[in-house]
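Participant: Starting from these lines, generate the structure:
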Amino acid sequence: MKNSVAAATTRVVLADDHDLVRSGIKALLTMIDGVEVVAEARNGRELVHLVESLRPDVVMTDISMPEMDGIAAIAEIHARQPQVRVLVLSMYDTVDFVKRAVSSGACGYLMKDAPPFELEQSIRSVMATGTYFSPVIAQRLLQPSEPTASDELTDRQLEILKLIAQGKASKEIAFDLGLSSKTVDVHRARIMERLKLNDIASLTRYAVRKGLVKP
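Facilitator: Alright, predicted model coming up:
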């Protein structure tokens with residue numbers, strides 16, 4: 001039961017592109033004393049606009065979202081409103097993901113399969129100390145990090161790899177990017193050479209592991 005004499009309410013904006021997931025998280029958050037979900041976003045661009053207009057205390061966001069992904073949204077929010085505390089709630093636990101989120105301005109990171117009590121713990125912690133990393137993530141950060149996708153590939157190669165992993169053929173990719181099919185094929189060959197991968201299935205698995213596309 002909520003405490004009617006509680007201190008100032010912590011206002012949260014929640015972002016996830018899956019309606020059921022977002023509803024479940026919201027239900028858990030509304031059970032926490034002194035926490036109010038003031039808005040929900042389905043993509044990163046909507047999240048940035050909501051944060052700009054509502055100026056919440058905390059943002060809790062997924063990383064993989066349409067239109068603008070969570071990393072880009074975090075960077076935009078941090079640049080405009082550095083006082084807003086951003087918590088990442090994700091299924092990705094690789095070191096490069098966590099470091100990308102933190103370098104963009106996130107102050108906390110927890111997994112979607114975390115126990116419900118960790119939601120409250122994370123919000124209380126970022127409000128009190130400015131940071132929160134779940135035990136699983138803290139352990140990951142102690143491990144040596146592998147190269148990020150942007151360390152291994154150029155921006156254009158990343159763009160093409162994402163489309164390949166989405167199942168698009170060379171002609172479709174060429175049309176989307178305003179390139180020739182031959183140019184796309186050359187890029188794909190160079191991507192495979194750089195990553196030492198030999199087929200589309202391997203490229204797709206790489207893209208999923210690096211969080212470039214959803215599984």
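
Participant: Could you use CA atoms for every contact and neighbour count after this?
Facilitator: Noted.

Participant: from the middle of its chain, how far away would the helix or strand where residue 175 lies be?
Facilitator: In this assignment (DSSP states H and E), residue 175 forms part of helix 170-177. With CA atoms, centre = their mean, to the nearest Å as the basis, the distance from the averaged C-alpha position of helix 170-177 to the chain average is 26 Å.

Participant: Likewise for stretch 84-98?
Facilitator: Put simply, stretch 84-98 sits 6 Å off its chain's centre (CA atoms, centre = their mean).

Participant: ok, which stretches of the protein are helices?
Facilitator: For the chain, the helices defined by DSSP state H occupy 19-29, 44-54, 70-80, 95-104, 117-128, 135-141, 149-152, 155-165, 170-177, 181-195, 200-209.

Participant: which one of these is the most hemmed in?
Facilitator: Among the helices of the chain, helix 70-80 has the highest mean neighbour count (mean count of other CA atoms under 10 Å), at a mean of 21.

Participant: sorry, back to before: with mean pLDDT and distance to residue 87 as new columns, can the helices of the chain be given to me in TSV?
Facilitator: Output for the helices of the chain, formatted as TSV (pLDDT from 0 to 100; distance: least, CA to CA, whole Å):
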stretch	mean pLDDT	distance to residue 87
helix 19-29	95	13
helix 44-54	96	13
helix 70-80	95	9
helix 95-104	86	9
helix 117-128	95	8
helix 135-141	84	13
helix 149-152	83	23
helix 155-165	94	25
helix 170-177	94	33
helix 181-195	95	31
helix 200-209	91	21
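
Participant: what comes into contact with stretch 69-78?
Facilitator: 43-45, 47-48, 51-52, 61-64, 84, 86, 100-101, 104-106 (CA atoms under 8 Å, 6 or more residues apart in numbering).

Participant: mind redoing it with 10 Å?
Facilitator: 15-16, 43-49, 51-52, 59, 61-65, 68, 79-88, 90, 97-98, 100-106, 212 (CA atoms under 10 Å, 6 or more residues apart in numbering).

Participant: next one: stretch 164-182
Facilitator: By CA under 10 Å, 6+ apart, stretch 164-182 touches 156, 158-163, 183-185, 187-188, 200-208, 212-215.

Participant: Report the distance from that stretch to the chain centre.
Facilitator: Computed by CA atoms, centre = their mean, the chain-centroid distance of stretch 164-182 equals 25 Å.
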